[in-house]
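Engineer: From the sequence below, what's the structure:
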Amino acid sequence: MSNILTKIVQHTKKARTVNKSYYFIVLWLLFTGQAQASSCFDGHTLEPNFIALATDSNSSLASWYQKVFALETVKEFAFPDGSVTGKLMRKGEFVVEIFARKKIFDKADYQSLSSAEHWRGVMKFGFYTDAKLSKLKQCLISKGIKAGRIYHDENLKVDLLQILDPENNILEVIQRRTN
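Structural biologist: This is a model prediction of the structure:
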């Protein structure tokens with residue numbers, strides 16, 4: 001009987017050690033950021049570009065871009081008068097800057113019957129990547145990101161995947177054709 005009790009005690013000690021190790025690893029992953037959700041762009045090249053967007057001060061647009069494109073924060077800033085805060089982020093030479101303004105106008109507030117294509121200015125922004133667009137589209141959709149059609153442009157010899165950010169800015173992810 002004492003032999004059985006000894007084995008039970010040894011097994012219990014071993015289980016506690018495994019549990020402690022397991023909890024330590026989980027805590028380490030959480031606190032070091034190693035357990036963060038991966039980006040669909042991990043392991044893919046984003047060619048050099050610079051995008052700057054304006055949004056309102058309550059927006060989470062900077063967080064969205066940072067998460068979707070696996071961007072690191074370069075700096076956070078504020079205008080001296082406090083009217084704007086911002087975040088500059090990058091992955092290599094792919095740079096996104098978000099300006100969060102206290103006062104900003106929404107086009108829909110002034111022309112509710114018109115759509116974005118009826119306004120002057122930038123309609124969409126495109127950037128090149130080496131990611132396979134069909135796989136990228138599946139990954140983005142699985143993460144709740146609005147990814148639309150893949151257009152095969154015969155004139156440019158590229159494929160384009162249209163995605164929308166949370167504020168309905170249109171981005172086109174471009175893949176060169178190899179054939």
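
Engineer: Can you pull out the low-pLDDT segments for the protein?
Structural biologist: 1-37, 106-121, 179 (pLDDT under 70).

Engineer: what are the ranges of the strands in it?
Structural biologist: Under the criterion DSSP state E, strands of the chain are mapped to 49-56, 72-78, 84-91, 94-101, 124-128, 146-153, 158-164, 170-176.

Engineer: so Phe69 touches Leu46, yeah?
Structural biologist: Yes - Phe69 is within contact range of Leu46, at 6.7 Å (criterion: Cβ atoms under 8 Å). (C-beta placed from N, C-alpha, C; glycine too.)

Engineer: what's the overlap in contacts for the two?
Structural biologist: Common neighbours of Phe69 and Leu46, using Cβ atoms under 8 Å, 6 or more residues apart in numbering, are 91, 94.

Engineer: how long is stretch 69-88 from one end to the other?
Structural biologist: 13 Å (Cα to Cα, to the nearest Å).

Engineer: what's the closest of the strands of the chain to Asp42?
Structural biologist: Closest to Asp42 of those, according to Cβ to Cβ: strand 84-91, at 9.7 Å.

Engineer: Other residues contacting that closest one?
Structural biologist: Residues from elsewhere that reach strand 84-91 (Cβ under 8 Å, 6+ apart): 41, 46, 57, 62, 65-66, 69-79, 95-102.

Engineer: Listing partners with orientation, what would you give for that strand?
Structural biologist: strand 72-78 (antiparallel), strand 94-101 (antiparallel) (DSSP bridges).

Engineer: among the ones you listed, which is the most enclosed?
Structural biologist: Sort the strands paired with strand 84-91 by mean neighbour count, taking mean count of other Cβ atoms under 10 Å, and strand 94-101 sits at the top with a mean of 20.

Engineer: these two touch, right, Lys132 and Arg176?
Structural biologist: No - using Cβ under 8 Å, Lys132 makes no contact with Arg176, being 11.7 Å away.

Engineer: For the residue nearest to Ala52 when sequence neighbours are not counted, which residues are in contact?
Structural biologist: Counting by Cβ to Cβ, 6 or more residues apart in numbering, Ala52 lies nearest to Glu97, which is 4.3 Å off, once chain neighbours are set aside. Under the criterion of Cβ under 8 Å, 6+ apart, the contact list for Glu97 reads 50-53, 86-89.

Engineer: quick one on the thing from earlier: can you tell which of the strands of the chain is closest to Cys139?
Structural biologist: Ranking these by proximity to Cys139 (Cβ to Cβ) places strand 146-153 first, at 8.6 Å.
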